[in-house]
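**Q** My questions concern the predicted model and sequence given below.
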Amino acid sequence: SLQPPFDNPEIRRVVLSCIDQADFMTAAAGTDTTLWRTGVGVFPPETPMATDVGNGVLKARKDFEGVKRDLAAAGYRGEPVVLLTTSDPIPETPMGEVAADLFRRIGFNVEVRQSDWATLAQRRGNRGPTTAGGWSGFITAAGAENFIDPSVSVLTRGNGAEGWFGWPDIPELEQLNRQWMEAPDQATRQDIARTIQTVVWREVPYFPLGQFFLPTAWRDLEGLRDGFPQFYSVRRA
């Protein structure tokens, strides 16, 4: 959020309108649609804070010539879009290729900087301009438990320089996070979560790309649980 063109929320909204989560999820997990979901908003599907409020922005507009015109109208002037991609982790590697292709199609002046993940992780801490090692975007993935609600998710924060990589400064999100923490009951928290998602769709601090599942196989074991690994309950069958 610090450097042009993504310091402009209007440009971020234009890009969001043409994000096709199915393209990213196919790259991440293949063509078996039982292994991924689209229409994914701020909070993981089927969790208490999940909502479809405003998810109409995820219709994946394909009118790329129109998108180019909208980007120009929003103020894009050909600034370099430096996309950090990685050469080792899957699924980040193929999703980075999808992102680079999309950015080119909509008319961005894309500069892909591919490296191993350790180098990318080091560079993403650079807040400087793209001419001094800064960047415009990168792809990452993590377990859904990291985003299950505002008490743990770094993606629903708007605390600027004190926040996660990208450093969006969105005071309204900070206020909503505080309200969520102080809410007296679950119904109030869910209502605030819906408002948080509405603000995310408007300010676009990041681009949600979907949800995928990791296929797992085992034998002669019992007590395995769904969700993140919980090995304390596993025993021989």
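**A** Sure thing, it's come through.
**Q** can you pull out the helices in the protein?
**A** Assigned by DSSP state H, the helices in the chain fall at 9-16, 21-29, 64-74, 92-105, 117-123, 171-182, 186-203.
**Q** Switch these over to CSV; also include mean pLDDT and mean neighbour count.
**A** Glycine gets a C-beta too; all of them are placed from N, C-alpha and C. Below are the helices of the chain laid out as CSV (pLDDT from 0 to 100; neighbours: other Cβ atoms under 10 Å):
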stretch, mean pLDDT, mean neighbour count
helix 9-16, 98, 19
helix 21-29, 97, 21
helix 64-74, 97, 15
helix 92-105, 97, 19
helix 117-123, 96, 15
helix 171-182, 98, 16
helix 186-203, 98, 18
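**Q** Which of the ones you listed sits closest to residue 84?
**A** helix 117-123 (5.0 Å; Cβ to Cβ).
**Q** just checking, what packs against the closest one?
**A** If you count contacts as 3 or more Cβ pairs under 8 Å, 6 or more residues apart in numbering; DSSP states H and E, helix 117-123 packs onto strand 80-86.
**Q** which residues are contacting the strand it packs on?
**A** Strand 80-86 has contacts (Cβ atoms under 8 Å, 6 or more residues apart in numbering) with 5-6, 92-93, 96-97, 99-100, 103, 108-117, 120, 123-124, 130, 134-139.
**Q** pLDDT at residue 32, what is it?
**A** Predicted confidence (pLDDT) for residue 32: 96.
**Q** likewise the one 10 residues further on?
**A** Listed pLDDT for residue 42 reads 97.
**Q** quick one, what contacts it?
**A** Residues near residue 42 by Cβ under 8 Å, 6+ apart: 51, 147, 153, 155, 156, 193, 196, 197, 200, 208.
**Q** next one: residue 117
**A** By Cβ under 8 Å, 6+ apart, the contact set of residue 117 is 86, 88, 89, 92.
**Q** what does residue 19 give?
**A** Taking Cβ under 8 Å, 6+ apart as the definition of contact, the neighbours of residue 19 are 58, 60, 102, 207, 208, 209.
**Q** these two touch, right, the fourth one and residue 15?
**A** So that's residue 207. Yes - counting by Cβ atoms under 8 Å, residue 207 touches residue 15, with 6.9 Å between them.
**Q** If any of the contacts of residue 19 are buried, give me the PyMOL selection for them.
**A** Restricted to buried positions by 16 or more other Cβ atoms under 10 Å, the PyMOL selection for the contacts of residue 19 reads:
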select buried, resi 58+102+207+208+209
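**Q** can the contacts of residue 19 go into JSON lines with extra columns for distance to residue 232?
**A** Shown next, in JSON lines, are those (distance: Cβ to Cβ, whole Å):
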{"residue": "58", "distance to residue 232": "37"}
{"residue": "60", "distance to residue 232": "41"}
{"residue": "102", "distance to residue 232": "42"}
{"residue": "207", "distance to residue 232": "35"}
{"residue": "208", "distance to residue 232": "31"}
{"residue": "209", "distance to residue 232": "31"}
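**Q** Just name the closest of the contacts of residue 19 to residue 182, please.
**A** Nearest member of the contacts of residue 19 to residue 182, counting by Cβ to Cβ, is residue 208, at 26.0 Å.
**Q** how about the closest one, what does it touch?
**A** The neighbourhood of residue 208, defined by Cβ under 8 Å, 6+ apart, consists of 19, 21, 40, 41, 42, 58.
**Q** So the spatially most central residue of the chain versus residue 155, what's the distance?
**A** Geometric centre of the chain, nearest residue: residue 208, 3.5 Å, by Cα atoms, centre = their mean. To residue 155, residue 208 is 8 Å away according to Cβ to Cβ, to the nearest Å.
**Q** That concludes my questions; thank you for your assistance.
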